[in-house]
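Visitor: following is a predicted model, sequence given first.
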There are 2 protein chains.
Amino acid sequence: MPLTFFTPGPAQLYPTFEKHLQTFVTDQLGSISHRSQQYRDLHKFTVDQLRTLLNVPATHAILFLGSASEIWERILFSCVELESFHLVNGSFSKKFYDYSNALNKYAHKQEKPMGEGFTAAEVVVPEYAELICTTHNETSSGVQMSVSEIHKLKQKNPGKFIAVDMVSSAPHADLDFKLIDTAFFSVQKAFGLPAGLGVWIVNEKCLKKAESIRKQYSIGAHNDLPTLWKNSLNNETPATPNVMGIYLLGKIAEDFNKTGVKNIRKETELKANLLYNFIDKHDGFSLFVKEKSQRSQTVVVTNTKLPSADIIKVIKEKGMVVGSGYGQFKSSQIRIANFPATSVAQVEELIAALETL
Amino acid sequence: MPLTFFTPGPAQLYPTFEKHLQTFVTDQLGSISHRSQQYRDLHKFTVDQLRTLLNVPATHAILFLGSASEIWERILFSCVELESFHLVNGSFSKKFYDYSNALNKYAHKQEKPMGEGFTAAEVVVPEYAELICTTHNETSSGVQMSVSEIHKLKQKNPGKFIAVDMVSSAPHADLDFKLIDTAFFSVQKAFGLPAGLGVWIVNEKCLKKAESIRKQYSIGAHNDLPTLWKNSLNNETPATPNVMGIYLLGKIAEDFNKTGVKNIRKETELKANLLYNFIDKHDGFSLFVKEKSQRSQTVVVTNTKLPSADIIKVIKEKGMVVGSGYGQFKSSQIRIANFPATSVAQVEELIAALETL
């Protein structure tokens, strides 16, 4: 019996994945040249679908890289000459900060414990920080910084670049790209695809900054922003890309657009409500994120009375997979992905199974 | 009618590709956690199969990245504090050199025109170069530097690191990893897989060097060698990898091992001979690489009397795809990939079609 994955990435594959994969194989798209018109059309299709889905204006390019982690590095190379600033409240925002140090930038951080989030009002951006790094959705802790707070933060700091990690929240996060300079996600979360592709949305201001930094410092050699940008104007990539991933992403984004992103977001919120209400009421579980507005809509984290391994085992016997807690919370929490690939009915089935515990 | 691709990457997919892809889907491997034992077993399987296939000793790690181009960058970060040295005789060896400059290293080069290759005897390695960058097979020009010449070059320069680009020649290139510090390839060439995965073979000396360089300079933040190495000891990767690519590569490598790498190499040479003999005898074609020992066994390049576009068109009508020339030779050459995915019979069919021109 196939399992239903509620794991926060790699996650359940989107129901249409197999159909699109079959077309990819039948059309021999794995063999086409990445310098052919056929490829450029495929590339453009995916970019266009994502542009519609996420409401990305022409000021921003949509670029394809190997992973979101690679994009962390490329953002830091491109937007930070000397100093970056990071809001850190979990393992992934911490890694973004670590990357800046590893590139020998001066990385500032404002930190909160796992399970807590940030509001714009409490953030103090260091004077010389060039880039503010935010994480819309901390996959490790299930905390979100609401989109409106991210927007406010940029409005308070118009002279600084702002980057948004939306790895596990795109396309739910409704960012205003008139404010957001750069954002990124990977496909193995809410897009329900196998891992191996990161998507970088980035504006011309970042490009100019990268070109300026390059006069004095290295901005990397592989997938540097000016080269990526130049190739993207021709619907190409500098090196041979993950053509399969790009194709499948375009088809899934098209499916999302047919449903309508508003409907997808609404269903995500409906399912998140079901899960949070259940956790709140059931004795064996308790909410990890205390502040309601900071609870992630796409990765629901709950404390568990029973060891998480026991719960995972019982749930798996019923054909479903949930994630363990992250790091120090591995055995005392479970994480439940709430991505478009799992339906309301499937979430209800999961809740019914958790209820018996 | 499905086409047969003789293009030098992306190329014809290996005949067993679809079967393995189906297993990947049926077993829901696109959803498994990259921190699970199931993933670690999958990862180890692929590493073990590659180790057998390419005769890689325990001194070397086998690492998975996004592409061979990414590996260029990581090799330069890891093995070059200040100066690198490059044998440049085509577009890809040139890009390796460009990457070093982009990282603000001092990059030396020894250059030959497209279509010509290097012997160890004629190479003059600059005194302070830390790394010698060789390209076993120049995909752009169809020139190879024979494995024995690469080995000699290292023997003449035992104190320097040597890197071998075997992007379009693995598993044909029979490297001696007692001599070779690092080598790399991508999967969309001779392994007959869709693009999106690069494989980096690298020894402990490179690791030590990277750790030493890091004390003073950045060695990158994403997929830096020490972090990749540490994760590989646990059969994991630092970030979520292209699990599908790694799985498929393991299965194809297993298929290759069942056939036996010697048989694969022998068949490759047989097919290359068929192609070169045909080119030599047919009026409409002439050999681009004059020196016989420098003719690639895996990417056969020929000058054409007719414009290459005309040839490509006629051949395509017969159900086959060959590549155009590269760069300045786009219209005056064709490139014919000679990878394991195309059989002797298919090569004979191609030759029969070219004969009618």
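Guide: It's in. Bear in mind the structure is a predicted one, so any value in this text is a computation, not a measurement.
Visitor: quick one: mean pLDDT for the helix or strand hosting A:Ala353?
Guide: Assigned by DSSP states H and E, A:Ala353 belongs to helix A:344-355. Averaged across helix A:344-355, pLDDT comes to 98.
Visitor: and it, what does it pack onto?
Guide: In this structure, helix A:344-355 makes packing contacts with strand A:4-6, helix A:261-281, helix A:308-317, strand A:320-324, judged by 3 or more CB pairs under 8 Å, 6 or more residues apart in numbering or on different chains; DSSP states H and E. Yep, even glycine has a C-beta here, placed from its N, CA and C like the rest.
Visitor: distance of the spatially most central residue of chain A relative to B:Val80?
Guide: In chain A, the C-alpha nearest the mean C-alpha coordinate belongs to A:Val167, at 1.0 Å (CA atoms, centre = their mean). In this view, A:Val167 and B:Val80 are 32 Å apart by CB to CB, to the nearest Å.
Visitor: can you map out the strands along chain A?
Guide: Per DSSP state E, chain A carries strands over the ranges A:4-6, A:60-65, A:83-88, A:106-111, A:131-135, A:137-138, A:143-144, A:161-165, A:182-186, A:198-203, A:285-287, A:299-304, A:320-324, A:333-337.
Visitor: note down every partner strand of the first one and its orientation.
Guide: The one in question is strand A:4-6. strand A:320-324 (parallel) (DSSP bridges).
Visitor: and the angle for the strand it pairs with with strand A:299-304?
Guide: Interaxial angle of strand A:320-324 relative to strand A:299-304 (axes from the mean of the first three to the mean of the last three CA atoms, to 10 degrees): 80 degrees.
Visitor: which residues touch strand A:320-324?
Guide: Defining contact as CB atoms under 8 Å, 6 or more residues apart in numbering or on different chains, one finds that strand A:320-324 is touched by A:3-8, A:308-309, A:311-312, A:315, A:330-331, A:333-337, A:349-350, A:353, B:31, B:33.
Visitor: again, only using 7 Å
Guide: Contacting residues not belonging to strand A:320-324 are listed as A:3-8, A:308, A:312, A:315, A:330, A:334-337, A:350, A:353 [CB atoms under 7 Å, 6 or more residues apart in numbering or on different chains].
Visitor: try stretch A:10-21
Guide: Outside stretch A:10-21, the residues that touch it by CB under 7 Å, 6+ apart are A:4-5, A:188-189, A:191-195, A:248, A:251-252, A:255, A:337, A:339-342, B:25, B:30-34, B:240, B:243.
Visitor: could I get the contacting residues of A:Asp224?
Guide: Contact partners of A:Asp224, counting by CB under 7 Å, 6+ apart, are A:77, B:102.
Visitor: and it, how far from A:Asn104?
Guide: From A:Asp224 over to A:Asn104 (counting by CB to CB), the distance is 17 Å.
Visitor: likewise A:Ser232?
Guide: Noted for A:Ser232: a distance of 28 Å to A:Asn104, by CB to CB.
Visitor: same question, A:Leu42
Guide: Between A:Leu42 and A:Asn104 the distance is 38 Å, computed by CB to CB.
Visitor: ok, the two, which is more surrounded?
Guide: A:Leu42 (22 against 15; other CB atoms under 10 Å in any protein chain shown).
Visitor: correct me, but the more buried one touches A:Leu248?
Guide: No: A:Leu42 lies out of contact with A:Leu248 (CB atoms under 7 Å); the separation is 10.5 Å.
Visitor: which residue is the nearest non-sequential neighbour of A:Asp176?
Guide: With CB to CB, 6 or more residues apart in numbering or on different chains as the criterion, A:Asp176 has its nearest non-adjacent residue at 5.8 Å, and that residue is A:His151.
Visitor: got the domain boundaries for chain A?
Guide: As assigned by automatic domain parsing, chain A contains the domains A:4-12+A:260-355, A:17-258.
Visitor: can you say which of those is packed in most?
Guide: domain A:17-258 (a mean of 21; mean count of other CB atoms under 10 Å in any protein chain shown).
Visitor: how far off centre is it?
Guide: The chain centre lies 8 Å from the centre of domain A:17-258; the measure is CA atoms, centre = their mean, to the nearest Å.
Visitor: let me know the average pLDDT across that domain.
Guide: Mean predicted lDDT for domain A:17-258 stands at 98.
Visitor: gap between the two ends of it?
Guide: For domain A:17-258, the separation between the terminal residues is 15 Å (CA to CA, to the nearest Å).
Visitor: tell me which parts of the stretch 151-300 of chain A are close to chain B?
Guide: Taking CB under 7 Å from any CB of the partner chain as the criterion, the stretch 151-300 of chain A approaches chain B at residues A:186, A:188, A:194-196, A:218, A:220-222, A:224, A:239-245.
Visitor: just the ones in helices from those, please.
Guide: A:243-245 (DSSP state H).
Visitor: closest to chain B out of these?
Guide: A:Met244 (4.5 Å; CB to the nearest CB).
Visitor: if I look at the nearest residue to that closest one once chain neighbours are set aside, how far off is A:Asn157?
Guide: The shortest distance from A:Met244 to any non-neighbouring residue, by CB to CB, 6+ apart, is to B:Pro194 (4.5 Å). Computed as CB to CB, the B:Pro194 to A:Asn157 distance reads 42 Å.
Visitor: same question for A:Gly284.
Guide: 43 Å.
Visitor: with A:Val147 instead?
Guide: Taking CB to CB as the measure, A:Val147 falls 16 Å from A:Asn157.
Visitor: again, but for A:Arg35
Guide: Remark: distance between A:Arg35 and A:Asn157 (CB to CB) = 41 Å.
Visitor: quick check, pLDDT for the residue nearest to A:Gln333 when sequence neighbours are not counted.
Guide: Nearest residue to A:Gln333, sequence neighbours excluded (CB to CB, 6+ apart): A:Gly325, at 3.0 Å. Listed pLDDT for A:Gly325 reads 96.
Visitor: then A:Lys305?
Guide: For A:Lys305, the predicted pLDDT is 97.
Visitor: report the contact partners of it.
Guide: Contacts of A:Lys305 by CB under 7 Å, 6+ apart are A:Gly284.
Visitor: skipping adjacent residues, who's closest to A:Ala353 in space?
Guide: Nearest one to A:Ala353, counting by CB to CB, 6+ apart, is A:Lys318 at 4.7 Å.
Visitor: where does the one you found land on pLDDT?
Guide: 97.
Visitor: cool, and the one 10 residues further on?
Guide: Confidence per residue is given as pLDDT, and for A:Gln328 that number is 94.
Visitor: which residues touch it?
Guide: If you count contacts by CB under 7 Å, 6+ apart, A:Gln328 has none.
Visitor: redo that, cut-off 10 Å
Guide: By CB atoms under 10 Å, 6 or more residues apart in numbering or on different chains, A:Gln328 lies in contact with A:91, A:114.
Visitor: and for A:Val56?
Guide: Counting by CB under 10 Å, 6+ apart, A:Val56 has contacts A:47, A:50, A:62, A:175, A:177, A:180, A:183, A:201, A:203.
Visitor: could you dump these into CSV with distance to A:Lys112 added?
Guide: Shown next, in CSV, are the contacts of A:Val56 (distance: CB to CB, whole Å):
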residue, distance to A:Lys112
A:Val47, 35
A:Leu50, 31
A:Ile62, 31
A:Leu175, 22
A:Phe177, 26
A:Ile180, 21
A:Ala183, 21
A:Ile201, 26
A:Asn203, 28
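Visitor: any idea how far A:Glu111 is from the closest residue to A:Pro113 other than its chain neighbours?
Guide: Using CB to CB, 6+ apart and skipping the chain neighbours, the partner closest in space to A:Pro113 is A:Asn89 (7.2 Å). Distance of A:Asn89 to A:Glu111, given as CB to CB: 7 Å.
Visitor: give the residues shared as contacts by these two.
Guide: Both A:Asn89 and A:Glu111 are in contact with A:Phe118, where contact means CB under 10 Å, 6+ apart.
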